[in-house]
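>>> Give me the fold of what follows.
(chains A, B and C)
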Amino acid sequence: MSEHVVPVKVYVLVFLALMVLTGLTTGVAFIDLHAWNTPVALAIAVVKMTLVVLFFMHVKYSPKLTKMVVLTGFFFMSLLVAFTLADELTRGWSPKAQNWDATASSATHNPR
Amino acid sequence: MADMATHHAQHDAFKHQFEDMDQQRDAGTFGMWVFLAQEIMFFGGIFGAYIVYRLLYHDSFEIGSNLLDVKFGAANTVVLIASSLTMAMAIHSAQAGKKGKTQVMYLLLTVLLGMIFLAVKFTFEWHNDYTEHLIPGFGFVIRDAWGAAGVHVPLFFCFYFFMTGLHALHMIVGIPIILVIAVMAWRNRFDEVYYAPLEMVGLYWHFVDIVWIFLFPLLYLVGGRYLSIGGH
Amino acid sequence: MSTVIAEMPGHELPTESHVNYLNVDHSVKSWLLTVDHKRIAILYLISITLMFFVGGFFAVLMRLNLIEPQGLVAPETYNKLFTMHGVIMVFFFLVPSIPATLGNFLVPLMIGARDLAFPRINLLSWYIYIIGAAFTLYAVISGGVDTGWTFYTPYSSTFAHSQVIPTALGVFITGFSSILTGLNFIVTIHKMRAPGLTWFRLPLFIWAMYATSIIFILGTPVIAITMFLLGLERLLHIGIFDPAIGGDPILFQHMFWFYSHPAVYIMILPGMGVMSELITAFSRKRIFGYTFVAFSSFAIAIISFLVWGHHMFVTGQSVYAGLIFSVLSFLVAIPSAIKVFNWTATLYKGSISYEAPMLYALGFIGLFTMGGLTGLFLASLATDVHLNGTYFIVAHFHYIMVGGAVMAYLGGLHFWWPKITGRLYPDAWARFAALVIFVGFNLTFFPQFVLGYLGMPRRYAVYPGEFQVLNVMSSAGASILGVGYLIPLIYFIWSFKYGPIAGPNPWGAKGLEWTTPSPPPTENFTEIPIVTEDAYDYAGTTGRRTHG
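Down below sits the predicted model:
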C-alpha cells in the first residue's frame, strides 16, 4: 500500500539498473568462474528482485507488515529447500547397506 | 462510528464491510501480498525440487542448459522487465491524477510486452525444442555426445517446460485481468483516491516478473556457457 | 428438556419476528449468490456434513471387511476403500471443517466486523470447494483411487490403474478454497478489529484461526504444486519423480508431507481454539495463561513446518535428516502440552457445568492427550521403526483427529448452534450422543493401539487370525460411533423447526458474538462495538445458564 507516489525518475533509474544487471548476468555466464558462476548469478538475481520488490512493488514505502509478509514467504520457502536438501544430500553419508554377512569381509567394510 | 447513511456515501467503489476507503485499500493490498506469499510457496515447491536435482545431477543440467537459446532468454528478460516498468507507470499515472487514457496506454503496453514474451517463448523456443526432440514425453532423443550424463538430461527439460510453462500460465491468467482493469481505466474509474485494483494487479504482475528474474539464470545460465556442448 | 431461556436484564423474551440473516430472503438465488459470511458458513456446513458421511461410509465398509481375517472384499477394492476414506476425510472434511463453518461464521462477529474483508472471495472459496469435491466424487463413482491418501510415487505416478488424475485434480482445486479462506481470515483479523480490540483482548478462537490461516497460506500451495506435478507425470508418462530419468520418488514424499504435516495442525488448531471458548464458558472462568495459549498457537503453526520428515523415517530418508526431524517433532509437542495444562488449570476451581459442549471439551482433553502422547513414540526414530505402517499410527491419528478435532467441532457446533440458528437443540439427547460417541470412539480405536504394537500392518485387507478379536471390537465400536454421529444430525435438523427459540446469549458466555441477536442480522452489528474488556471477563458474573 502506498499513498507515497514514487517519482518517474526512480522508476526509470531502477529499470536501467535492471537492464545493466541483466546484461551483467548474461555476460558473466560466458566467463568460467568455476563454482562461482552459480552464486554470482543468484546474487545478481537477488539484487534484481530486491529492486523490483522495493521500488516497483513499493515495499520500500510500505508498512512493516508488508515487509513481514514478503520475508515470511521467502523464509518458509527456504525451509522447504533446506530440510529437503538435508535429506537428499546426506543419504550417501551413511554406511551403505551391505549384504547381510557375518564373515570377516563385513567386519572390515562396516565402519562401526 | 459513522452511522449507516454516511457509511454508505463514501465513494461509489466503497464496500460496506469496511469503515472507509483507506481501510479498504489497505486491506486490498495486504490481501494481495498474502496471496503473493502463497505464490512464493507454490513456485517455491518446484524451485526446491529443481535445486535438489541440480545439485545431484549438475553435469546433466549443464548440458541441458547449454541447449537453451540464451538470446531468447535474455531478450525475454528485457521484455518482461520493461512490462514491469510500464505497469508501474500505469499506477503512477492514476496516483498523479492523469486521465484514464494515460493509464490505459501503459496497461496496453504492459499487455503487448507480455504477449511478445509469450510469442517468443512458444513460437521460437518451445517450437524449436519440439522439432529438435528436446521435449520429454514427446519424442525426446538422448544424444550420444552427451555421454554418461545424458540419461538425466530429460529431467532438466522436465523442469524447463514445467517451470516456464507454469510461469507462462500465470502470464496468460494475468493478461485478461489487466485488460479488464484497462476497461475500467478507460471509463475513468481510477484516480488519486481509488486506484487499489491497479496496485493489486501491478503487484501480481511484478511477482511474475520476479519469478522470471530467477528462472532466466537458473535455467539458461547453468554452469557456464563457456563450455561448448555438441550434439544440438 | 428445558425451554427456559436465560433472561438478561433489559431483554425481552425473543421472538422469531426480527429480521436476521436466515429469514431476510428465502430464494435459492439469495443463497447461491450470497456474500454474507454467515450464509456461506451454512453452505459449507451442509457440504462438509455430506462429505463427512461419504467418508464415513467408506470407513463402515472398511470395518465390515476387517471383521473377518480373510476379508470380505478383494484387496484391490480394499485399497480403494481406505484411499477414498482418507482423501475425503482429510481434504474435504477435516481441513475445512471448523475454519469454513465456525470460522466463517464467527470471525467477523467475534472481532466486531460486519463481514470478512473479501466477501466475494469467500463465496468463491465455497464454489471452488464444491468443484474440487465434484472431481473427487467423480473419481469415486468412476472406479475409485487405490494409492492411499498419500499418493506415494512411483505407484501413483506410473503403476496405478485407478482414477488418480481426477482425485489429484480435486485435491488441487480444493486447496485453493483453503488458501482463499486463510487469506480472508488473515486480512480480516489484521485490519478489521473493532475499536479497542487489541490483539491481546481477542478471543483465543481468533488466535487459533489466525495461526491456522498461516498454515493455509504457506503450506497448501506446496501440495498444490505436488499434485500438479503428479498429474503431469501421470499424463505425460515422464516427470520429476520418475526414477528412469533420475527422479527421486522420495522427493515426492518431501513435497507431499511439507504440506500434509502442517495440515494436521490445520485440523487440530481450530479445535484447540474452540476448546478455549468452551472451557472458559462452561467453567465461567478466565482462561489460565492467556498469553501462553495465544503464542502456543503460533508456535505450533511455525514448528509444524519443521517436522514433516517424521513420516519418512523408514522410507530411505537420510538418518541425519531423520535425527533433525525427530528432535523437532518432540519440540512441537510442547506448545500443545502447554494448551492442555492451561485448559486444565482453567477448569480448576471453576464453576463447571456439564452441558453437551462441555462434555465434548472434556472428552477432547483426555483423547487429544492420549493421541498426542502416542505421537512421541512415533517421533522417536527407534520405536517408529517398529510402529510405522501399523495400526498404532492409525490409532494415533484417529485419537487426535476424531477424539480431538471432531469432538471439538461437535462441541463448537453445539455451543454456537443457538447463535447460528436461533434455536436450542435438546441438551439431554446431546449429552447422550456425546457419551455414545465417546464410548464408540474408544472401543473403535483403543484396540488399534494394541493391534499396531502387536504388528498388524495398516492398509491391509487381510490379517492373521490371532488379531480377529481386537478387530471385531474395533468394528463393533465403529458401529456405535456411527450411531453416535447420526443422533446430532437428527436433532439438529429437528431443531430448525421445532427447537425452542434461543435468546442472544443462552449460555451467559462472554464474547462479542453473544451481544448480537440469535440469529444475527445480516450486517451483524447496527453499531460497531467499542471493546473495553479483556477476553473471558467472567470475574464477578454470577448469572448461571439455564439452558438444559
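
>>> Now do the contacts for B:G44.
Contacts for B:G44 (Cβ atoms under 8 Å, 6 or more residues apart in numbering or on different chains) come out as A:73, A:76-77, A:80-81, C:221-222. (C-beta placed from N, C-alpha, C; glycine too.)

>>> go on, C:P520?
Contacts of C:P520 were listed using Cβ under 8 Å, 6+ apart, and they are C:20-21, C:38, C:109, C:419, C:513.

>>> Could you point out which of those residues is nearest to chain A?
Lowest distance from chain A to the contacts of C:P520 (Cβ to the nearest Cβ) belongs to C:L109, with 24.0 Å.

>>> burial count for that closest one?
C:L109 has 23 neighbours, counted by other Cβ atoms under 10 Å in any protein chain shown.

>>> who does whichever helix or strand it is part of touch, helix- and strand-wise?
In this structure, C:L109 is located in helix C:104-111 according to DSSP states H and E. If contacts are counted by 3 or more Cβ pairs under 8 Å, 6 or more residues apart in numbering or on different chains; DSSP states H and E, helix C:104-111 sits against helix C:37-65, helix C:164-191, helix C:204-236, helix C:407-421.

>>> Tell me which residues of the lengthiest helix in chain B come out buried.
In chain B, taking DSSP state H as the definition, the longest helix is helix B:21-56. Neighbour-count burial for helix B:21-56, counted by 16 or more other Cβ atoms under 10 Å in any protein chain shown, picks out B:21, B:24-54, B:56.

>>> where does chain B dip in pLDDT?
Within chain B, the segments meeting pLDDT under 70 span B:1-9, B:223-232.

>>> residue closest to the middle of it?
Nearest residue to the geometric centre of chain B (Cα atoms, centre = their mean): B:V208, 2.4 Å.

>>> Tell me what angle the helix or strand harbouring it forms with helix B:21-56.
Taking DSSP H and E as the definition, one finds B:V208 inside helix B:196-215. Orientation check (axes from the mean of the first three to the mean of the last three Cα atoms, to 10 degrees): helix B:196-215 against helix B:21-56 gives 10 degrees.

>>> Could you check helix B:196-215 against chain A for contacts?
Yes - Helix B:196-215 comes into contact with chain A (Cβ under 8 Å from any Cβ of the partner chain), by way of B:199, B:202-203, B:206-207, B:209-210, B:213-214.

>>> who does that helix touch, helix- and strand-wise?
In terms of contacts (3+ Cβ pairs under 8 Å, 6+ apart), helix B:196-215 is packed against helix A:37-51, helix B:21-56, helix B:70-95, helix B:153-186.

>>> Run the chain-centre distance for it.
In terms of Cα atoms, centre = their mean, to the nearest Å, the centre of helix B:196-215 is found 6 Å from the chain centre.

>>> Keeping just the C-alphas, turn it into CSV.
Provided in CSV are the C-alpha atoms of helix B:196-215 (Å, rounded to 0.1, in the frame of the first residue of the first chain):
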residue,chain,number,x,y,z
ALA,B,196,-6.3,-0.1,-5.5
PRO,B,197,-7.2,-2.6,-8.3
LEU,B,198,-4.4,-1.1,-10.4
GLU,B,199,-2.0,-1.5,-7.5
MET,B,200,-3.1,-5.1,-6.8
VAL,B,201,-2.8,-6.2,-10.4
GLY,B,202,0.6,-4.5,-10.5
LEU,B,203,1.8,-6.4,-7.6
TYR,B,204,0.8,-9.7,-9.2
TRP,B,205,2.5,-8.7,-12.5
HIS,B,206,5.7,-7.7,-10.7
PHE,B,207,5.7,-11.0,-8.9
VAL,B,208,5.5,-12.8,-12.3
ASP,B,209,8.5,-10.7,-13.4
ILE,B,210,10.5,-11.7,-10.3
VAL,B,211,9.8,-15.4,-11.0
TRP,B,212,11.3,-14.9,-14.4
ILE,B,213,14.3,-13.0,-13.0
PHE,B,214,15.2,-16.2,-11.2
LEU,B,215,14.2,-18.6,-14.0
